[in-house]
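1. Quick one, what's the 3D model for this:
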Amino acid sequence: MNRGGRAALSVSFAEIVTTVRPQWFVMENVATIRNTNAFKTIYDLYKKSGYGLTCKVLNAAYCGVPQSRKRMFIIGGLAEDDGFLEKPLQESLADKPMSIRDYLGDKLGIDYYFRVPTNYNRRGVFSVDEPSMTIRAVDRPIPPGYKGNPNDSAPVSEVRCLTPKERSYIQTFPENFEFFGGKSDVNTMIGNAVPVNLAKYVASTLARYISKHSGE
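-> Below is the predicted model of the structure:
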């Protein structure tokens with residue numbers, strides 16, 4: 001089996017789950033994992049081990065997180081029907097995406113901020129009155145080569161980047177949460193983390209399902 005690439009850990013995780021066979025499990029990955037061979041591998045592993053699966057892409061902005069971040073969740077339960085958690089996950093979604101100001105109020109002390117775009121044809125200045133773009137594991141200053149974009153929310157000369165601590169807020173880590181390590185390590189931990197409130201959303205939905213159906 002080819003275990004190269006980012007999906008290698010997902011395959012290893014599936015092998016551990018199907019060996020230990022817990023009653024329930026939750027797995028998270030990027031939304032596009034569904035288009036990979038690794039997804040088929042892990043799906044087949046779970047099904048052969050008797051798991052019913054709910055495979056659901058969730059946008060964190062509808063799950064109590066001020067950030068547009070789409071992630072695939074695979075939730076498994078032994079002897080459950082496929083899609084068993086689909087309706088509960090869908091029913092509790094917010095009616096509109098959460099903005100940074102919705103979550104933090106005026107805590108950041110700014111109305112606009114800069115996020116380095118993947119290329120200069122894209123906007124780099126955003127408003128706190130919209131969900132943040134996906135928090136990444138990078139911390140770079142405003143590049144001198146960026147002169148602005150017609151879709152920017154404000155002039156680039158009038159904004160700043162978010163600090164690592166501020167980005168951790170957008171990942172919904174509590175203010176008193178401490179990160180240890182060098183700057184690069186901290187940025188990687190923040191950017192690669194599952195947003196706290198997104199994890200809570202999935203876990204709470206599963207817990208309610210288990211409580212409701214226990215003893216049936």
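2. hey, let's count contacts and neighbours off CA atoms from now on
-> OK.
3. which outside residues touch the helix or strand harbouring residue 101?
-> In this assignment (DSSP states H and E), residue 101 forms part of helix 100-104. Surrounding helix 100-104, the residues in contact under the criterion Cα atoms under 8 Å, 6 or more residues apart in numbering are 65-67, 128-132, 170.
4. And those, which of them are buried?
-> Applying 16 or more other Cα atoms under 10 Å to the contacts of helix 100-104, the neighbour count classes 65-67, 128, 130-132, 170 as buried.
5. Next, give me the two most distant ones among those residues.
-> For the buried ones among the contacts of helix 100-104, with distances taken as Cα to Cα, the pair at the greatest spread is 65 and 128 (13.0 Å).
6. average model confidence for the helix ranked longest in the chain?
-> Once the chain is assigned using DSSP state H, the helix that runs over the most residues is helix 196-213. Here helix 196-213 scores 97 as its mean pLDDT.
7. For it, what is the distance to the chain centroid?
-> Computed by Cα atoms, centre = their mean, to the nearest Å, the chain-centroid distance of helix 196-213 equals 16 Å.
8. is it fair to say residue 96 lies in a strand?
-> No. Assignment of residue 96 by DSSP: H, G, I helix; E, B strand; the rest coil gives coil, placing it outside any strand.
9. pLDDT wise, what is it at?
-> As predicted, residue 96 sits at a pLDDT of 98.
10. could you list every residue that touches the closest residue to it other than its chain neighbours?
-> Nearest non-adjacent residue to residue 96, counting by Cα to Cα, 6 or more residues apart in numbering: residue 62, 6.4 Å away. Counting by Cα under 8 Å, 6+ apart, residue 62 touches 93-98.
11. One more: residue 140?
-> The contact partners of residue 140, taken as Cα under 8 Å, 6+ apart, are residue 116.
12. Secondary structure class of it, three-state.
-> Residue 140 ends up coil, using three-state DSSP.
13. What score does it have for pLDDT?
-> pLDDT, read off for residue 140, is 88.
14. Walking through this protein, point out its strands one by one.
-> 24-30, 51-59, 70-78, 112-114, 125-127 (DSSP state E).
15. helices or strands up against the last one?
-> For strand 125-127, the elements it packs on are strand 112-114, judged by 3 or more Cα pairs under 8 Å, 6 or more residues apart in numbering; DSSP states H and E.
16. do the same with the third one
-> Using 3+ Cα pairs under 8 Å, 6+ apart as the contact criterion, the neighbours of strand 70-78 among helices and strands are strand 24-30, strand 51-59.
17. what's the distance between residue 118 and residue 50?
-> Distance, residue 118 to residue 50, using Cα to Cα, to the nearest Å: 42 Å.
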